[in-house]
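Participant: Sequence first, then the predicted structure:
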Amino acid sequence: MEYPDFDGAEYFSLMVGEEFDGWRTDKLLSKQWEELSRSYIQKLIGEGRVLVAGRTVKASYPVQTGDPIEVFLPTPTTLKLAAENIPLDILYEDSDVILINKGKNMVVHPAAGHYTGTLVNALLYHCKGNLSGINGVLRPGIVHRIDQDTTGVIVACKNDRAHQSLSEQLKVHSITRKYNAVVHGAFHTGEGRIEGAIGRHPSDRKKMAVNEKNGKPAVTNYTVLENFANCFAHVECCLETGRTHQIRVHMAWIHHPLLGDRVYGLKKEPFSLNGQALHARVLGFIHPSTGKYMEFEAPLPEYFTGLLGKLRNLG
């Protein structure tokens, strides 16, 4: 068999299982590599970087059980991130971890369209490059993330040992994570539990959705703190799992979308908000060196308390 001449390409191969018989080639590959967008996979196929049974195909080509698929991924361009002197609201810091109260409009780590001004750029400057390297060049120190428009507490690690400890705690769901949110609709019960697997939206790859067929288990517990005029509610959400957009997806799924959520919320919003009303208020974990439980809290930001004031005045 004569292989394409892709110097330095990263080579992957797989065999089509019977459960994928008849699937489009691009759909199958996007299922196998969820971190790659379907449009990017279609681009790879168009460049001849995907072979099915030894030959190039179209994105729509229906694969068959037993077909060998070979993928030649381009070698990633080496990227050197800049350390930037961006002010940080530091809640706690020692030789292992640093806890930040992240503000609105700050992306956690560099990605397409956001290679400067991120939390990682700020941490590289503040920590003088002393960050764990487990998550690679684009995400040094980052153990978990919160969305660009979500405010609140986030932890970063300064060494791989601390990173491994916190990653394991995340894996077994032992880290305490409490969020405050303002949602549409009042509640008739004081608390609840949402169980719904979360995966990629079936038709919009940029969104997540409750997807019991292809999603990963996700659990959100919530407590109603206050109802407003039978139209809105202030809730505390406690995560048992940490799926992408979990609170936003789960609350929309039970018909209580977050105020200001431009992806999962209502098309028309009664308040001028800069993104969803969601704040990561509490983060607790076992310290990787001392073995003691530590808990950190980021106070509700001004925009959030201001919103609550407006809602209380609705009557």
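Facilitator: Received the coordinates, thanks.

Participant: Quick check: phi and psi on Y40?
Facilitator: phi -70, psi -40 (degrees, to the nearest 10).

Participant: burial measure for it, as a count.
Facilitator: 16 (other CB atoms under 10 Å). Quick note: C-beta positions are derived from backbone N, CA and C, even for glycine.

Participant: Then the one 3 residues further on?
Facilitator: Taking other CB under 10 Å as the neighbour definition, K43 ends up with a count of 15.

Participant: Check what contacts the host helix or strand of it and list those residues.
Facilitator: Element membership for K43, per DSSP states H and E: helix 38-46. Contacts to helix 38-46, defined as CB atoms under 8 Å, 6 or more residues apart in numbering, come from residues 25-27, 29-30, 33, 50, 56-59, 71-73, 205.

Participant: Helices - which of those residues land there?
Facilitator: Taking DSSP state H, the ones among those that sit in helices are T25, D26, K27, L29, S30.

Participant: The helix holding K43: which residues count as buried?
Facilitator: R38, Y40, I41, Q42, L44, I45 (16 or more other CB atoms under 10 Å).

Participant: Among the ones in helices among the contacts of helix 38-46, which one lies nearest to R145?
Facilitator: Using CB to CB, S30 comes nearest to R145 of these, at 21.4 Å.

Participant: mind listing what the closest one touches?
Facilitator: L36, S37, R38, I41, R200, R205.

Participant: Can you tell me how far the last one is from I41?
Facilitator: Counting by CB to CB, to the nearest Å, the gap between R205 and I41 amounts to 10 Å.

Participant: Mind putting the buried residues of helix 38-46 into a markdown table with pLDDT and distance to V108?
Facilitator: Converted to a markdown table, the buried residues of helix 38-46 look like this (pLDDT from 0 to 100; distance: CB to CB, whole Å):
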| residue | pLDDT | distance to V108 |
| --- | --- | --- |
| R38 | 80 | 24 |
| Y40 | 81 | 21 |
| I41 | 89 | 25 |
| Q42 | 91 | 28 |
| L44 | 90 | 27 |
| I45 | 94 | 31 |
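
Participant: Tell me the one of the residues you listed nearest G192?
Facilitator: R38 (34.1 Å).

Participant: any idea what sits nearest the closest one, other than its immediate chain neighbours?
Facilitator: Excluding the flanking residues, the one nearest R38 by CB to CB, 6 or more residues apart in numbering is S30, at 4.5 Å.

Participant: quick one on the thing from earlier: mind exporting the C-alpha coordinates of the helix holding K43 to CSV?
Facilitator: Taking C-alpha atoms only, helix 38-46 is exported to CSV below (Å, rounded to 0.1, in the frame of the first residue of the first chain):
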residue,chain,number,x,y,z
ARG,A,38,-16.5,18.1,12.6
SER,A,39,-15.5,20.8,10.2
TYR,A,40,-11.8,20.2,11.0
ILE,A,41,-12.3,16.5,10.4
GLN,A,42,-13.9,17.3,7.0
LYS,A,43,-10.9,19.5,6.2
LEU,A,44,-8.6,16.6,6.9
ILE,A,45,-10.7,14.3,4.7
GLY,A,46,-10.6,16.9,1.9
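
Participant: How far off centre is that helix?
Facilitator: Computed by CA atoms, centre = their mean, to the nearest Å, the chain-centroid distance of helix 38-46 equals 23 Å.

Participant: got the angle between that helix and helix 25-32?
Facilitator: 130 degrees (axes from the mean of the first three to the mean of the last three CA atoms, to 10 degrees).

Participant: Leaving out chain neighbours, which residue sits closest to N227?
Facilitator: Closest to N227 by CB to CB, 6+ apart is A186, at 4.1 Å.

Participant: so the one you found touches H234, yeah?
Facilitator: No: counting by CB atoms under 8 Å, H234 is not a contact partner of A186; they are 10.4 Å apart.

Participant: In which helix or strand does the closest residue to I247 other than its chain neighbours reside?
Facilitator: Among residues not flanking I247 along the chain, C237 sits closest, at 5.0 Å (CB to CB, 6+ apart). Element membership for C237 (DSSP H and E) is strand 232-239.

Participant: Need the contact partners of that strand.
Facilitator: 176-187, 219-228, 246-247, 251, 256, 259, 281, 308, 311, 314.

Participant: now that strand: how far from the chain's centre is it?
Facilitator: On CA atoms, centre = their mean, the centre of strand 232-239 falls 19 Å from that of its chain.
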